[in-house]
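S.K.: heads up, no residue letters with this:
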């Protein structure tokens with residue numbers, strides 16, 4: 001059945017009223033009632049729209065505030081990052097907790113000054129020697145793995161996926177994708193993608209007088225020379241990409257330098273405990 005209000009509207013527009021039913025007998029009275037009904041319906045609809053709009057404005061405002069806080073936090077984090085880069089010379093640097101780092105040439109060290117307040121973590125590319133103050137766990141992350149200590153003195157030499165770690169005082173934990181090992185003072189390990197192996201001490205009975213190498217990265221051979229003879233090699237970047245086939249005479253430094261660098265076409269000078277590659 002057709003809605004009676006729609007019928008009223010239809011007949012009012014046409015200027016006539018239906019002839020049946022006492023509801024339609026008074027045109028003006030019915031027209032006024034229809035007008036009041038429309039106004040009331042309009043007020044109700046307008047009130048509902050206002051309530052809906054107010055309901056949406058609250059989460060929208062909170063969304064803007066949340067986004068602002070997020071951008072502020074992310075921006076603050078990245079602006080608080082500290083990166084130290086060395087080129088041709090080494091650099092001594094003191095971390096916020098008083099720990100000291102000797103960052104070797106052509107290396108970089110990065111840490112965040114905000115997160116350092118509750119976790120002592122940094123990223124190392126290259127070689128650095130650390131003297132760590134006691135406190136919370138101290139972690140050096142590298143591409144080859146992580147070295148974790150509580151307070152000690154140690155050396156990390158990272159080259160790509162390979163890493164050499166020497167513990168000088170206290171103890172350190174070396175962890176890579178293929179395993180982990182804890183070192184105490186005087187112990188060293190060499191790591192790569194396949195293994196973690198201990199490096200014999202120069203005065204150990206099992207340390208042979210002659211070490212043989214076959215297509216070993218020259219940078220690893222240099223690290224062995226530094227460890228065996230307690231010397232420092234300057235200009236190690238000249239060894240990048242080179243390999244060595246030959247021997248290291250653990251009792252004869254001069255013969256070893258001639259064998260290693262001579263066969264690789266690298267000239268050098270020996271000044272006390274420092275070997276300078278040219």
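M.R.: Yep, that arrived. Everything numeric in this text was worked out from a predicted model, so none of it was measured.

S.K.: From residue 219, how far out is the spatially closest residue to residue 106 that is not a sequence neighbour?
M.R.: Counting by CB to CB, 6 or more residues apart in numbering, residue 106 lies nearest to residue 237, which is 5.3 Å off, once chain neighbours are set aside. From N, CA and C alone the C-beta is placed, and that goes for glycine too. Distance of residue 237 to residue 219, given as CB to CB, to the nearest Å: 9 Å.

S.K.: ditto for residue 149
M.R.: Taken as CB to CB, the span from residue 149 to residue 219 is 24 Å.

S.K.: same deal with residue 84?
M.R.: Per CB to CB, residue 84 is found 22 Å from residue 219.

S.K.: Which one's more surrounded, those two?
M.R.: It is residue 219, of residue 84 and residue 219, that has more neighbours when counted by other CB atoms under 10 Å, with 23 against 16.

S.K.: Contact partners for that one?
M.R.: 159, 162, 236, 239, 240, 242 (CB atoms under 8 Å, 6 or more residues apart in numbering).

S.K.: repeat that for 10 Å
M.R.: Residues in contact with residue 219 (CB atoms under 10 Å, 6 or more residues apart in numbering) are 127, 157, 159-160, 162, 164, 233, 236-244.

S.K.: tally of neighbours for residue 139?
M.R.: Residue 139: 16 neighbours (other CB under 10 Å).

S.K.: mind listing what it touches?
M.R.: Residue 139 neighbours (CB under 10 Å, 6+ apart): 119, 120, 121, 122, 123, 146, 147, 148, 149, 173, 175.

S.K.: try residue 131
M.R.: Going by CB under 10 Å, 6+ apart, the list of residues near residue 131 reads 94, 98, 99, 100, 101, 102, 151, 152, 153, 154, 168, 169.

S.K.: quick one: the third one and residue 109 touch, right?
M.R.: So that's residue 99. No - Residue 99 is beyond contact range of residue 109, at 11.4 Å (criterion: CB atoms under 10 Å).

S.K.: Can you give me the domain boundaries for the chain?
M.R.: As assigned by automatic domain parsing, the chain contains the domains 4-78, 81-198, 200-278.

S.K.: looking at those, which is buried most?
M.R.: A comparison of those by mean neighbour count, using mean count of other CB atoms under 10 Å, puts domain 81-198 on top with a mean of 17.

S.K.: got a pLDDT number for the residue nearest the centre of the chain?
M.R.: When CA atoms, centre = their mean is applied to the chain, the residue found nearest the centroid is residue 123 (7.7 Å). Per-residue confidence at residue 123 stands at 96 (pLDDT).

S.K.: Give me the phi and psi for it.
M.R.: phi -110, psi 130 (degrees, to the nearest 10).

S.K.: Show me what the closest residue to it other than its chain neighbours is bridged to.
M.R.: Excluding the flanking residues, the one nearest residue 123 by CB to CB, 6+ apart is residue 110, at 4.5 Å. Counting by DSSP bridges, residue 110 is bridged to residue 83, residue 123.

S.K.: re the thing from before, confirm the residue nearest to residue 106 sits in a helix?
M.R.: Yes - the assignment for residue 237 (DSSP: H, G, I helix; E, B strand; the rest coil) places it in a helix.

S.K.: any low-confidence regions in the stretch 51-200 of the chain?
M.R.: 51-79 (pLDDT under 70).

S.K.: again, only using 80
M.R.: Scanning the stretch 51-200 of the chain for pLDDT under 80 picks out 51-79, 150-151, 200.

S.K.: the helices in the stretch 151-278 of the chain, which residues?
M.R.: 218-229, 253-263 (DSSP state H, counting those that start in this stretch).

S.K.: Make CSV out of these and add mean pLDDT.
M.R.: Conversion of these to CSV gives the following (pLDDT from 0 to 100):
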stretch, mean pLDDT
helix 218-229, 88
helix 253-263, 91
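
S.K.: Kindly reformat the ones you listed as JSON lines containing distance to residue 186.
M.R.: Listed next are the helices of the stretch 151-278 of the chain as JSON lines, based on distance: least, CB to CB, whole Å:
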{"stretch": "helix 218-229", "distance to residue 186": "11"}
{"stretch": "helix 253-263", "distance to residue 186": "21"}
